[in-house]
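> any chance you could fold what I've pasted below:
(chains A and B)
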Amino acid sequence: DSGVTQTPKHLITATGQRVTLRCSPRSGDLSVYWYQQSLDQGLQFLIQYYNGEERAKGNILERFSAQQFPDLHSELNLSSLELGDSALYFCASSVGVTDNQPQHFGDGTRLSIL
Amino acid sequence: AQSVTQPDIHITVSEGASLELRCNYSYGATPYLFWYVQSPGQGLQLLLKYFSGDTLVQGIKGFEAEFKRSQSSFNLRKPSVHWSDAAEYFCASARGNNNDMRFGAGTRLTVKP
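The predicted model follows:
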């Protein structure tokens, strides 16, 4: 058990819809990261938040957004969903930003677009 | 730009045999290096990490990895594979800022009885 909790585990929706994925980091971790894992693109970094502030952006589409709340949980919002958005979305957390502590991953949310 | 290459997409070994999974990184300076394992339906679990010092790193579940600067490699090894080791293995590198972690494409390990 990594201590990172993601909900829901599975999500099935239709094209054009909007969904919200939720992540609770490990106790004490201030950084939250979002990743997308798909068969064709592999594991791709989307975005990072540190203590409520956006820290870094990776290959995140404009239709996607995220935020980190004062209690440090984070939400990833995906809108105008397309078939290609079907993937496994992981959240990870770490203690800080520039320290050399590794990231700890949740079990992911599997998103299926019909 | 930094990148991570895992040359082997799929490896099959017999239970009890030794294992080596290859990983090459591309970065001017020595990055931080990690190996993660992903079981079906699960998230990634950290096996081991290398930041500096001893180039042979011990991890969980009997895994070890050796950093070789001359070969830009960080190969994962295990002397005797168990059926429960069947999973996907990812090598990753970072520059010290976690926001720049790059993952390899992964190597799927199948263990034959």
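> okay, now A:Asp107: neighbour count?
A:Asp107 has 21 neighbours, counted by other Cβ atoms under 10 Å in any protein chain shown. All C-beta atoms are positioned from the backbone trio N, CA, C, and that covers glycine.
> again, but for A:Leu21
Using other Cβ under 10 Å, the number of residues around A:Leu21 comes to 22.
> which parts of chain A sit against chain B?
A:2, A:4, A:6, A:31, A:33, A:42-43, A:45, A:48, A:55-56, A:90, A:92, A:94, A:96-98, A:100-108 (Cβ under 8 Å from any Cβ of the partner chain).
> let me know the helix or strand that residue 37 is in.
Here I'm looking at chain A. strand A:31-38 (DSSP states H and E).
> my bad, chain B
Assigned by DSSP H and E, B:Val37 belongs to strand B:32-38.
> C-terminal to that strand, what's the next element?
Assigned by DSSP H and E, the successor of strand B:32-38 is strand B:44-50.
> which strands and helices lie in contact with that next one?
Strand B:44-50 sits against strand A:104-105, strand B:32-38, strand B:56-58, strand B:64-68, strand B:73-78, with contacts defined as 3 or more Cβ pairs under 8 Å, 6 or more residues apart in numbering or on different chains; DSSP states H and E.
> make TSV out of these and add mean neighbour count.
Listed next are the helices and strands packed on strand B:44-50 as TSV, based on neighbours: other Cβ atoms under 10 Å in any protein chain shown:
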stretch	mean neighbour count
strand A:104-105	22
strand B:32-38	23
strand B:56-58	14
strand B:64-68	18
strand B:73-78	20
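> distance to B:Leu44 and mean pLDDT for the ones you listed - can I get that in a markdown table?
Shown next, in a markdown table, are the helices and strands packed on strand B:44-50 (distance: least, Cβ to Cβ, whole Å; pLDDT from 0 to 100):
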| stretch | distance to B:Leu44 | mean pLDDT |
| --- | --- | --- |
| strand A:104-105 | 4 | 91 |
| strand B:32-38 | 4 | 92 |
| strand B:56-58 | 17 | 95 |
| strand B:64-68 | 16 | 96 |
| strand B:73-78 | 14 | 97 |
